[in-house]
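Undergrad: Here's my sequence, what's the structure:
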Amino acid sequence: MFDELIDNEKNNIVNTLSELIKIPSVSEEQDLAQAPFGENCKKALEYILNLGEALGFKAKNIDGYCGYIEFGEGEKLIGIIGHLDVVPAIKEDGWTYSPFLPTVVNNKLFGRGSIDDKGPVVASLYAMKVIKDTTKINARVRLILGLNEEKDWKCINYYKSHEEWPSIGFSPDANFPAIYAEKGILSLELKNDFSFKNFEIVNINCNNNALNVVPKYCSITLKPTNNFDFSSIKSNDNNIKILIDNQTIKIESFGIASHAAHPELGENAISNLIKFLLDNFDFNSNYLEHLYNIGFFDITSPAFLSNNKLEDESGILTSNVAYLEYENNKLIIKINLRVPVSIALNDIVLKYSSLKEIFKNLEVNKLSFQEPLFVDKNNYLVKTLVDIFNKKTGLNEAPIAIGGGTYARAFDNFISYGATMPGDKDMCHQVNEFIDIDKLMISSKIYAEAIYELSR
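TA: Have a look, this model is predicted:
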């Protein structure tokens, strides 16, 4: 119904997304009026809101925490919830192209945020535009724009306490054909006394890795407590680099970043580092060895899989060891668990025997928890959006469950909807993140049909 109109907006869609990618909008909480998540997030929000006004929409900046773009009339408020903040990226991480310099190669638009979530946001905006310009609907449609999704969701929480809640809608921040279930997300901090037999820990550096990202780098710097022959420490692993300087030894571990919802797609630099330390150093306790042997640092290990009794239709419990630090003679490990939708928080330790064994000897602090999302597959919203997707693509896909967490769980009667297509590799948080331009256009057409149908 709106396909030709969307096609006419192709250059605008690509150009708008390119301008957004140029803004390195990594959310950084700061005590700044109208910029609580930093100047770059402010720039991204102002750019899209100004564009919305230029296109004839109503636009509102909500104290710099978030904003929205809206059109239509009526009591019913349809919500589309996306985010403009991105996870960090630097060229040195292995990007073929500069992550904040949009580059088109083989019809793919490369850049941080292209699929997560700036591309889908732009696709939604132009889907709204073609309806606004051509069709009278009996509802209001609001594109809500967050700036702290990759961290603490303070943006959407601020919106919920200050603005009207939509009654139905979707978040364009996951996969097609539609997401009916999202696992719970539990982040924990574990502390325990820890020391080497012959070394002092000078520093541990994980580059401030986010908990929802498989770490691509981690290093530890050690100083010997007695005469030590550094030449005995060697690595045959290309992912481990050893630097010796001024009587210290620095061990760097390199991995591959991926979304914590899909830790199997990455390579955990912390896990690599722990294995190297166990192979080459002695400790004053068996703490690390015990954790490694039960699969704590490797979710693909037989030990992890045999101890993991937590599973339902949304999948198994997964774990991402995301951060290490050392403070007051304690090793601090931060982990991010993706919890099957049917598992209560209090049941995790009871049903996962390895965690029960670990936790009884540790100081455990809960950093955050997001309740899971579950909507029946036969729900009107799920069936409607899946039907639209299948009709527009000619496919016959069924709704799916994911380990990721999206804004869909912020409101009742919401699910996540695109824009990663069935069978495509999830490029969220990955090096060389991209979106295929043809699929970006298809997504916009799907969103236009979805908005129109929900407004009826």
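
Undergrad: so what does the top helix by length along the chain touch, helix or strand wise?
TA: With secondary structure taken from DSSP state H, the chain has its longest helix at helix 437-455. Judged by 3 or more CB pairs under 8 Å, 6 or more residues apart in numbering; DSSP states H and E, helix 437-455 is in contact with helix 3-8, helix 10-21, strand 77-83, strand 108-110, helix 118-134, strand 168-171, helix 380-393, strand 419-420. Where C-beta positions appear, they are placed from N, C-alpha and C, glycine not excepted.

Undergrad: Just the CA coordinates for the longest one, please, in PDB.
TA: Spelled out, it's helix 118-134. Listed next in PDB are the C-alpha coordinates belonging to helix 118-134 (Å, rounded to 0.1, in the frame of the first residue of the first chain):
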ATOM      1  CA  LYS A 118      19.500   4.100  14.300                       C
ATOM      2  CA  GLY A 119      18.700   2.300  11.100                       C
ATOM      3  CA  PRO A 120      15.400   0.900  12.300                       C
ATOM      4  CA  VAL A 121      14.500   4.300  13.900                       C
ATOM      5  CA  VAL A 122      15.000   6.100  10.600                       C
ATOM      6  CA  ALA A 123      13.000   3.400   8.800                       C
ATOM      7  CA  SER A 124      10.200   3.900  11.300                       C
ATOM      8  CA  LEU A 125      10.300   7.700  10.900                       C
ATOM      9  CA  TYR A 126       9.900   7.600   7.200                       C
ATOM     10  CA  ALA A 127       7.200   5.000   7.500                       C
ATOM     11  CA  MET A 128       5.400   7.500   9.700                       C
ATOM     12  CA  LYS A 129       6.000  10.200   7.100                       C
ATOM     13  CA  VAL A 130       4.400   8.500   4.200                       C
ATOM     14  CA  ILE A 131       1.300   7.800   6.300                       C
ATOM     15  CA  LYS A 132       1.100  11.300   7.600                       C
ATOM     16  CA  ASP A 133       1.400  12.800   4.100                       C
ATOM     17  CA  THR A 134      -1.200  10.600   2.500                       C
END
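
Undergrad: Now do the helix or strand just after that helix against helix 118-134, angle only.
TA: Later in the chain than helix 118-134, the nearest helix or strand by DSSP states H and E is strand 140-146. Strand 140-146 runs at 160 degrees relative to helix 118-134, counting by axes from the mean of the first three to the mean of the last three CA atoms, to 10 degrees.

Undergrad: So what are the sheet partners of strand 140-146 and their directions?
TA: Looking at strand 140-146 with DSSP bridges, its partner strands are strand 66-72 (antiparallel), strand 77-83 (parallel).

Undergrad: quick one: which of the ones you listed is nearest R409?
TA: Closest approach to R409 among the strands paired with strand 140-146 (CB to CB): strand 77-83, 10.2 Å.

Undergrad: Mean confidence (pLDDT) on the helix or strand just after the closest one, please.
TA: For strand 77-83, the following helix or strand on the C-terminal side (DSSP H and E) is strand 103-105. Confidence over strand 103-105, taken as the mean pLDDT, stands at 98.

Undergrad: for strand 103-105, packing partners?
TA: So strand 103-105, by 3+ CB pairs under 8 Å, 6+ apart, packs with strand 108-110.

Undergrad: mind listing what the strand it packs on pairs with, with the direction of each?
TA: If you go by DSSP bridges, strand 108-110 pairs up with strand 103-105 (antiparallel), strand 434-436 (antiparallel).

Undergrad: Compile the ones you listed into CSV and extend it with columns for mean neighbour count and distance to N205.
TA: Below are the strands paired with strand 108-110 laid out as CSV (neighbours: other CB atoms under 10 Å; distance: least, CB to CB, whole Å):
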stretch, mean neighbour count, distance to N205
strand 103-105, 14, 30
strand 434-436, 24, 29
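
Undergrad: Quick check: E189 is in a strand.
TA: Yes: looking at E189 with DSSP: H, G, I helix; E, B strand; the rest coil, it is inside a strand.

Undergrad: mind checking pLDDT for it?
TA: For E189, the model assigns a pLDDT of 91.

Undergrad: doesn't L362 make contact with it?
TA: No: look at E189 against L362 with CB atoms under 8 Å: they stay out of range, at 9.7 Å.

Undergrad: which ones are touching I48?
TA: L20, G67, I69, L84, V121, L125, L145 (CB atoms under 8 Å, 6 or more residues apart in numbering).

Undergrad: That one belongs to a helix?
TA: Yes: assessed with three-state DSSP, I48 lies in a helix.

Undergrad: contacting residues for the closest residue to G64 other than its chain neighbours?
TA: Closest residue to G64 apart from its sequence neighbours, by CB to CB, 6 or more residues apart in numbering: Q34 at 3.9 Å. Contact analysis of Q34 by CB under 8 Å, 6+ apart lists K42, N61, D63, G64.

Undergrad: The same query, at a cut-off of 7 Å, please.
TA: K42, D63, G64 (CB atoms under 7 Å, 6 or more residues apart in numbering).

Undergrad: swap in G94?
TA: Per CB under 7 Å, 6+ apart, neighbours of G94: V431.
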